[in-house]
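Peer 1: sharing a model prediction with you, sequence too.
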Amino acid sequence: MRLFLLFIFNLLLISGSFALTIEVPDDYASIQTAINAVNSFDTILVSPGIYNEHLNFNGKSIVLKSTDGAGVTTISGSQTHTPVINISTGEVKGTSIEGFTITGGDRSGVYINGAAVDIRENIFTGNYNSYNFSGGAIWLESSVGSKIERNIIHDNHANNYGGGIYIRDNSSSDTIAYNVFYDNTGTGEIFTSGSTSNIIVYNNTITGSRDGIHHLGHVSYFYNNLIFGNEGSGIYDRYGTATINYNCLYDNFIDINGNESTVIGTDNIMYLEGELRNYFQNDFTILPYSPCIDAGDPSPLYNDPDGSRNDIGALPYEEFSPAASLLSLGRVDSKDHIVSEPPHFCFHYFDSLNPMSAARIEVDTSFEFSGTPYWASGDILPIDTCFEYGGIPLQDSVTYYYRIQVSDGIAWSDWSVNFFRMNAKPT
C-alpha cells in the first residue's frame with residue numbers, strides 16, 4: 001500500500017498537479033526574475049504597473065498573466081534587435097501570455113520560434129522589427145497549435161511583411177481569432193509565408209494597412225472576418241490555396257485578389273460602407289442594419305455569446321442596447337459636399353425592446369469632440385429621426401464631424417459618429 005501511494009504521489013508530481021502560483025512584485029521584484037525561479041506549468045501573476053524589461057521563457061511552459069488587465073499592466077522593451085518577449089526554446093502547449101500591453105519591441109513584440117503559445121487579451125502597440133523587418137507585433141515561426149485570441153493590435157511597424165502578425169517556416173494549425181487589427185504598417189496585417197499550412201483566421205476586424213490578409217502559404221481557412229479600409233487587397237491569396245467564406249469586405253482597393261486559382265467562396269459580402277459605432281476613435285463594434293449581423297458561418301461552433309448566429313468581425317452587435325445607425329445628411333450630393341445649408345442629421349433608431357425617448361446631436365471640427373462644439377442639441381424629443389442643424393454658422397471648405405446618441409428611457413447609447421464637408425455644389 002505504501003509503495004502504491006508513493007507511486008501516485010510521483011505521478012501527480014510529474015503531471016504538474018503541484019504547479020505553483022507566484023506573484024510579481026510581491027514574491028519577485030521583476031518578471032524575468034520570477035521566470036528564472038519557476039518551473040514549467042507554474043503561473044506568474046503580475047500586478048499593475050510598467051515593467052521595463054525584456055523577457056525570455058527559456059524553455060519553460062508557464063502561464064504569464066496580469067491580475068488587472070492590459071489597460072494597467074505594461075511590459076516595455078528598449079533594446080535594439082530584441083523582442084519584448086522571446087519564446088523560442090521548445091515551450092509546449094499550456095504556455096500563455098494574458099492581459100498585458102506589450103510595447104517597445106525591436107524584433108517584434110512577441111517572438112515565437114519552435115513553440116506553442118496562447119496569446120490572449122493583450123494590447124500590442126509601438127513594436128517594430130529592425131532585425132529582419134517583418135512581424136511588427138508578433139512573429140510566429142515553426143509554431144504548431146498556437147492561438148492568438150482577443151487582442152488589440154495597432155500601430156506596429158514592419159518594413160516588409162506582417163505589420164500585425166508574420167507567420168512563417170513550417171507553422172501549422174495556428175489560430176487567429178477575435179482580434180482587432182488597425183493601423184499597422186507592412187504588407188498584410190496578417191502575413192503567411194509559403195511553407196505555412198492550416199492557418200485558421202476567423203472573426204477578426206482588420207483595417208488600415210497595405211493588405212488585410214496576405215496569404216502565400218498552403219491550405220488555410222479565412223472565415224467571418226470584417227476587413228475594410230486597406231490600401232491594397234482585403235484578402236490576397238496568391239496561389240489560390242485558401243478557403244475564403246463568410247467575410248465582410250468594403251472600402252479596400254480590391255476586396256479579394258490572387259490568381260486564376262483564387263476562389264471567392266461562400267457568402268462573402270462586399271458592400272459600399274460599414275456600420276460601425278465610432279470608426280474615428282477605433283470603436284469597430286458593428287451597429288444595427290450592418291450586413292455583417294448574423295451573416296457569419298452558420299455552424300453553432302461560431303455562434304455569438306447570446307447563442308445567435310455569428311456576427312462577422314471581432315466585436316458582435318449587442319442586440320438589446322439602443323443605437324443610432326445609418327447616419328446620413330439631408331439635401332446632399334454626398335457626405336463630402338453639403339449643397340444647401342443647414343444640413344439635416346438623419347439616422348435609424350434601433351432597440352429590440354423599447355421605443356426612442358430622446359436623442360442628442362453634436363457637431364465639431366474635431367473627431368475627438370474635445371473643444372466647445374459648434375452645436376450641442378441637448379435632449380431632443382423623438383418627433384422624428386431627422387433634425388435640422390441649429391448651431392453657429394458653418395464655414396465653407398471645412399470638414400465637420402457629427403455624432404448622435406439615443407435613449408430608450410432606460411439608458412443612453414454610445415455615440416455614433418460620421419463626417420461631412422461644407423462646400424459649394426461641385427461644378
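Peer 2: Sure, I can see it. Numbers count the residues shown, from 1 in each chain.
Peer 1: low-confidence ranges in the chain?
Peer 2: Applying pLDDT under 70 to the chain picks out residues 1-17, 260-263, 272-274, 319-320, 330-341, 352, 424-427.
Peer 1: who are the contact partners of the most centrally placed residue in it?
Peer 2: Central residue of the chain (CA atoms, centre = their mean): V180, 0.5 Å from the mean position. By CB atoms under 8 Å, 6 or more residues apart in numbering, V180 lies in contact with N151, I152, I153, H154, N204, T205, N282, F284, A314, L315. Glycine gets a C-beta too; all of them are placed from N, C-alpha and C.
Peer 1: buried subset of these?
Peer 2: Among the contacts of V180, those buried by neighbour count (16 or more other CB atoms under 10 Å) are N151, I152, I153, H154, N204, T205, F284, A314, L315.
Peer 1: what does stretch 308-319 rub up against?
Peer 2: 150, 178-180, 203-205, 224-226, 246-248, 269, 284-288, 290, 292-298, 302-306, 352.
Peer 1: can you give me the buried ones in that stretch?
Peer 2: In stretch 308-319, residues buried by neighbour count (16+ other CB under 10 Å) are N310, D311, I312, G313, A314, L315, P316, Y317, E318, E319.
Peer 1: hey, C-alpha coordinates of it in CSV?
Peer 2: Output of stretch 308-319 as CSV, limited to C-alpha atoms (Å, rounded to 0.1, in the frame of the first residue of the first chain):
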residue,chain,number,x,y,z
SER,A,308,-27.4,33.6,-32.1
ARG,A,309,-25.7,33.1,-35.5
ASN,A,310,-22.3,34.5,-35.8
ASP,A,311,-21.8,38.3,-36.4
ILE,A,312,-18.9,38.9,-38.7
GLY,A,313,-15.9,40.6,-37.1
ALA,A,314,-14.2,40.7,-33.7
LEU,A,315,-17.0,42.7,-32.0
PRO,A,316,-20.5,41.3,-32.3
TYR,A,317,-23.5,43.6,-32.2
GLU,A,318,-25.0,44.0,-28.7
GLU,A,319,-28.6,43.3,-29.6
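Peer 1: ends of stretch 223-230, how far apart?
Peer 2: Start-to-end span of stretch 223-230 (CA to CA, to the nearest Å) is 18 Å.
Peer 1: contacts for that stretch?
Peer 2: For stretch 223-230, using CB under 8 Å, 6+ apart, the contacting residues are 189, 200-213, 234-235, 243, 245-253, 255, 274, 284, 286, 292, 296-297, 302, 310, 312-314.
Peer 1: repeat that for stretch 43-53.
Peer 2: By CB under 8 Å, 6+ apart, the surrounding residues in contact with stretch 43-53 are 19-26, 30-32, 34-35, 38, 62-68, 72-78, 100.
Peer 1: and the buried ones among the contacts of V180 as CSV, adding distance to I167 and secondary structure?
Peer 2: As requested, those are arranged in CSV below (distance: CB to CB, whole Å; DSSP: H, G, I helix; E, B strand; the rest coil):
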residue, distance to I167, secondary structure
N151, 15, coil
I152, 19, strand
I153, 14, strand
H154, 19, strand
N204, 14, coil
T205, 19, strand
F284, 23, strand
A314, 18, coil
L315, 23, coil
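Peer 1: of these, closest to I112?
Peer 2: Using CB to CB, N151 is the member of the buried ones among the contacts of V180 that sits closest to I112, with 13.8 Å.
Peer 1: name all residues that make contact with that closest one.
Peer 2: For N151, the contacting residues are I119, R120, E121, N122, I123, F124, N179, V180, by CB under 8 Å, 6+ apart.
Peer 1: dihedrals phi and psi, the fourth one?
Peer 2: If I follow you right, that is N122. phi -110, psi 170 (degrees, to the nearest 10).
Peer 1: contact partners for it?
Peer 2: Contact analysis of N122 by CB under 8 Å, 6+ apart lists A70, I97, E98, G99, F100, T101, I102, N151, I152.
Peer 1: buried members of those into ChimeraX, please.
Peer 2: Buried members of the contacts of N122, defined by 16+ other CB under 10 Å, are picked up in ChimeraX with:
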select :70,97,98,99,100,101,102,151,152
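Peer 1: nice, that's everything, thank you.
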